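Engineer: Quick one, fold the following:
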Amino acid sequence: MSRSLTLGLYLAWSAGRGRRFAERKLAERVAEGKEDPARLDERRGIAARPRPEGKLIWFHAASVGESLALLELIRQLLAERRDLTILVTTGTVTSAGVMAERLPPRALHQYVPLDARAFVRSFLDHWRPDIAVWTESELWPSLICETHSRGIPMLLLNARMSKASHDRWRFLRGMVRSLLNRFERALVQDDLTEIYLRRLGLPSDRMEVTGTLKEGAAALPVNNAELESMRAEIGGRPVWVAASTHPGEEEKVLEAHRLAMKTNPRLLLILVPRHPNRGDEIAALLDAGGWAFTRRSIGEGPEAEAPVYLADTMGELGLWYRLAPVSFVGGSWEPIGGHNPFEPAALGSAILHGPYVTNFVDIYQRLTESRAARLVSAPQRLAEAVDELLSPDRAAAMAHAAWEVVSAGADVTERAKTVLLARLDAAGAQG
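Structural biologist: Residues are numbered from 1 along each chain as shown. As a prediction, the model looks like this:
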């Protein structure tokens, strides 16, 4: 195992002053509303529930996107092994809420402990995972080193590294090499990530480029009764959705909607902010613009005289994408990096997006090459695209192309399942 002075100093700090620093950090995050006060002990490695009997695979995912990408794989693993439990750890309140709603039976969520050695040891003492799986590339040194020191097999799954992350780690090359070499295998999303990880010290023979696990994700869920009710309320109106929007994007979307209504006066926009707690802010924006609108969070449905429906609720994208044949995916007109285009693609909605899609650049590239997604650089271009795609034939052609790209990714989930179950069996044989 390669050694690193920087890593050694960090681990010494984590074992000494790290706990006091972690407690101060927790207090700050509670004050900022970034922690759940009722579950703070989990951040200290103190479990909220007993460890189930039998085999346990632990997945660590940084936040919402990474954890959602695991859901179909988790379902398939649990269906294959009736004696298996899955533990998913994340670090955000939003991801915890989503996991509470979406994880299947025999899958549990806990907050990941902060990276102080005492907290990490408490967590590992309790859960005793048979395999530890990191998703994407969030590398906490104490968590990695303590897990490895106990002989727990460690894998990187759905590994992804941006150029910015690579450039940051490059200045700590010895430290990251030592951390990466503790992983015995890595399934990586793309060739660029494989190059970055190899440059940082992960041996090529431990890596396999499989594609992104998001490609194999199941379609977002929906309440079918709610879907039929909403379809009846909308009736025959043409409809499009602007999903996962961020500050600075709603104004442009509304400008595009106003332009599109010149040729489609009955056009309905379903406006879905990425963060529903911005509902009041967006409602004020709509009022200031003179828009008639109704609002999901207060129990209202779409109304014939209202051209905008503000869907400021959590976890209903599966409903909105099924209702709208055309979707603008937000986080792409501001330098956010975009959001997952496979969600609308899996549900038959044509995909429009802005230029800022660095978080999913490889996926958007494949969708664009297949004519399954289209870049719109300004409100005028968005209005023109919405108007064109309201023609059922044109929207259906894009949606079908997107579905073909999505369905090809089912192999990624199958490969991940095969690797994990084989390693689980090997760990059992060694034990």
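
Engineer: now the strands for the stretch 101-250 of the chain?
Structural biologist: 107-111, 131-135, 154-159, 185-188, 207-209, 239-245 (DSSP state E, counting those that start in this stretch).

Engineer: Arg371 is nearest to which of those?
Structural biologist: Nearest to Arg371 among the strands of the stretch 101-250 of the chain is strand 239-245; the distance by Cβ to Cβ comes to 18.6 Å. Using the backbone N, CA and C atoms, a C-beta is placed for each residue, glycine as well.

Engineer: what helices or strands is the closest one leaning on?
Structural biologist: helix 250-260, strand 268-273, helix 317-323, strand 326-329 (3 or more Cβ pairs under 8 Å, 6 or more residues apart in numbering; DSSP states H and E).

Engineer: ok, back up a step: now the strands of the stretch 101-250 of the chain in CSV, with mean neighbour count and distance to Ala422?
Structural biologist: What follows is these, written out as CSV (neighbours: other Cβ atoms under 10 Å; distance: least, Cβ to Cβ, whole Å):
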stretch, mean neighbour count, distance to Ala422
strand 107-111, 22, 20
strand 131-135, 24, 11
strand 154-159, 25, 11
strand 185-188, 22, 10
strand 207-209, 16, 13
strand 239-245, 26, 36
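
Engineer: Which of the ones you listed sits closest to Pro355?
Structural biologist: Judging the strands of the stretch 101-250 of the chain by Cβ to Cβ, what sits closest to Pro355 is strand 239-245, at 15.2 Å.

Engineer: Would you mind giving the orientation angle of the helix ranked longest in the chain with respect to strand 131-135?
Structural biologist: Counting by DSSP state H, the longest helix found in the chain is helix 410-430. Taking axes from the mean of the first three to the mean of the last three Cα atoms, to 10 degrees, helix 410-430 and strand 131-135 form an angle of 150 degrees between their directions.

Engineer: Wait, Pro341 touches Gly331, no?
Structural biologist: No: contact criterion Cβ atoms under 8 Å: Pro341 and Gly331 do not qualify, at 10.6 Å.

Engineer: outside of the longest helix of the chain, which residues touch it?
Structural biologist: 55, 57, 72-73, 76-77, 80-81, 84, 130-131, 133, 153, 155, 157-158, 185, 187, 210-213, 215-217 (Cβ atoms under 8 Å, 6 or more residues apart in numbering).

Engineer: Show me what counts as buried in that helix.
Structural biologist: Residues 412-413, 415-417, 419-421, 423-424, 427 are the ones in helix 410-430 that count as buried (16 or more other Cβ atoms under 10 Å).

Engineer: Likewise for stretch 297-305?
Structural biologist: Pro302.

Engineer: For that stretch, the averaged confidence score.
Structural biologist: Averaged across stretch 297-305, pLDDT comes to 95.

Engineer: got it, and stretch 114-134?
Structural biologist: pLDDT averaged over stretch 114-134 gives 98.

Engineer: Let the chain start at 29 from now.
Structural biologist: Shifting the count to begin at 29 puts that one at stretch 142-162.

Engineer: Need the distance between the two termini of it.
Structural biologist: 15 Å (Cα to Cα, to the nearest Å).

Engineer: Just give me how far it sits from the chain centre.
Structural biologist: The chain centre lies 23 Å from the centre of stretch 142-162; the measure is Cα atoms, centre = their mean, to the nearest Å.

Engineer: cool, stretch 358-372 as well?
Structural biologist: The answer for stretch 358-372 is 11 Å, by Cα atoms, centre = their mean.

Engineer: and it, C-alpha only, in CSV?
Structural biologist: Extracted in CSV, the C-alpha atoms of stretch 358-372 (Å, rounded to 0.1, in the frame of the first residue of the first chain):
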residue,chain,number,x,y,z
GLY,A,358,-33.4,22.8,-15.8
GLY,A,359,-30.1,23.5,-14.2
SER,A,360,-28.9,23.9,-17.7
TRP,A,361,-29.5,27.7,-18.4
GLU,A,362,-27.5,28.6,-15.3
PRO,A,363,-24.0,27.1,-14.5
ILE,A,364,-25.4,24.3,-12.4
GLY,A,365,-24.4,21.4,-14.6
GLY,A,366,-27.8,20.1,-15.6
HIS,A,367,-29.9,17.3,-14.2
ASN,A,368,-30.6,13.7,-15.2
PRO,A,369,-32.1,13.6,-18.7
PHE,A,370,-32.8,9.9,-18.5
GLU,A,371,-35.8,10.6,-16.2
PRO,A,372,-37.9,12.2,-18.9
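
Engineer: Can you give me the neighbour number for Leu351?
Structural biologist: Per other Cβ atoms under 10 Å, the neighbour tally for Leu351 reads 23.

Engineer: Tell me the buried residues in the host helix or strand of Ser42?
Structural biologist: Using DSSP states H and E, Ser42 sits in helix 33-43. Neighbour counts over helix 33-43 (16+ other Cβ under 10 Å) mark 35, 38-39, 42 as buried.

Engineer: Stretch 420-431 too?
Structural biologist: In stretch 420-431, counting by 16+ other Cβ under 10 Å, buried: 423, 426-427, 429-430.

Engineer: which residues are in contact with it?
Structural biologist: Counting by Cβ under 8 Å, 6+ apart, 353-354, 369, 372-374, 376-379, 395, 398-402, 416-417 sit against stretch 420-431.

Engineer: and that stretch, average pLDDT?
Structural biologist: 89.

Engineer: Tell me the one of the buried residues of helix 438-458 nearest Asn387?
Structural biologist: For the buried residues of helix 438-458, the nearest to Asn387 is Val440 (17.4 Å; Cβ to Cβ).

Engineer: how far does stretch 107-122 sit from the chain's center?
Structural biologist: 15 Å.

Engineer: before we move on, what about stretch 157-170?
Structural biologist: With Cα atoms, centre = their mean, you get 16 Å for stretch 157-170.

Engineer: So, low pLDDT: which residues of this structure?
Structural biologist: Applying pLDDT under 70 to the chain picks out residues 29-30, 242-246, 437, 459.

Engineer: tell me the domain ranges of it?
Structural biologist: Listed by automatic domain parsing, the domain ranges of the chain are 33-239+438-458, 252-433.

Engineer: Check what contacts the helix or strand encompassing Ala413 and list those residues.
Structural biologist: Here Ala413, judged by DSSP H and E, is contained in helix 407-417. Applying Cβ under 8 Å, 6+ apart, the external contacts of helix 407-417 come out as 268, 280-281, 283-285, 287-288, 291-292, 295, 353-354, 356, 378, 380, 402, 404, 422-423, 426.

Engineer: at 7 Å instead, please
Structural biologist: 268, 280, 283-284, 287-288, 291-292, 354, 356, 378, 380, 402, 404, 422-423, 426 (Cβ atoms under 7 Å, 6 or more residues apart in numbering).

Engineer: repeat for stretch 67-83
Structural biologist: With contacts defined as Cβ under 7 Å, 6+ apart, stretch 67-83 is touched by 54, 63, 111-113, 136, 138-139, 141-142, 147-151, 154-156, 158, 452.
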